[in-house]
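>>> mind folding the following:
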Amino acid sequence: MKNLFSALILSTLALALTGPALADVSGLNAACGGLPTAPSVTQGDSADETAMRAYGAGMRDYTARLMTYLTCLDNHPASSADLASASYRREVISHRQQVVDQLEKSVSRFNTELKTFKSRQAQVAAVP
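Modelled structure (predicted):
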């Protein structure tokens with residue numbers, strides 16, 4: 001988390017001399033194409049292999065889109081006035097942290113469902 005926070009601050013400071021002002025985080029969100037949504041959860045205790053593979057592909061796509069979104073947040077220019085505003089900086093940092101938290105929760109949920117699916121498959125394979 002320290003690295004993400006440091007990257008946000010450094011990229012924001014490095015870009016302080018260029019770019020138009022962004023009125024608020026919603027403007028930044030719109031400039032970055034909007035926050036991607038996670039794929040719907042596939043239950044590992046009842047899914048077949050095809051469904052789990054589709055869920056995995058959806059998670060890979062979601063993760064890639066979310067990383068692109070985070071990169072945009074980090075690299076989008078902000079005005080000196082925005083950077084001077086403590087409330088703007090707090091909003092950007094808070095929004096970015098919420099996005100990272102959402103990513104971590106989605107990936108954790110996927111890993112839990114995948115583990116459940118694999119456990120169920122191992123039990124089926126073990127039955128003579």
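
>>> Cys72 touches Ala31, doesn't it?
Yes. Assessed by C-beta atoms under 8 Å, Cys72 is found in contact with Ala31 at 7.2 Å. The way it works is simple: take the backbone N, C-alpha and C, and place the C-beta from them, glycine included.

>>> in stretch 84-104, what counts as buried?
Neighbour counts over stretch 84-104 (16 or more other C-beta atoms under 10 Å) mark 88-89, 91-93, 95-96, 99, 102-103 as buried.

>>> how about stretch 114-126?
114, 116-117.

>>> output the contacting helices and strands for whichever helix in the chain runs longest.
Longest helix in the chain by number of residues (criterion: DSSP state H): helix 86-126. Helix 86-126 sits against helix 2-14, helix 25-31, helix 49-75, with contacts defined as 3 or more C-beta pairs under 8 Å, 6 or more residues apart in numbering; DSSP states H and E.

>>> now for the last one, which elements pack on it?
Meaning helix 49-75. The contact analysis (3+ C-beta pairs under 8 Å, 6+ apart) places helix 49-75 against helix 2-14, helix 86-126.

>>> looking at the last one now, give me its mean pLDDT.
Averaged across helix 86-126, pLDDT comes to 91.

>>> and the angle from that helix to helix 49-75?
Interaxial angle of helix 86-126 relative to helix 49-75 (axes from the mean of the first three to the mean of the last three C-alpha atoms, to 10 degrees): 160 degrees.

>>> spatially nearest residue to Ala47, not counting backbone neighbours?
Spatial nearest neighbour of Ala47, excluding adjacent residues (C-beta to C-beta, 6 or more residues apart in numbering): Phe117 at 6.0 Å.

>>> so what's the one you found up against?
44-45, 47, 52 (C-beta atoms under 8 Å, 6 or more residues apart in numbering).

>>> quick check: it vs Ser46, distance?
Phe117 sits 9 Å away from Ser46, going by C-beta to C-beta, to the nearest Å.
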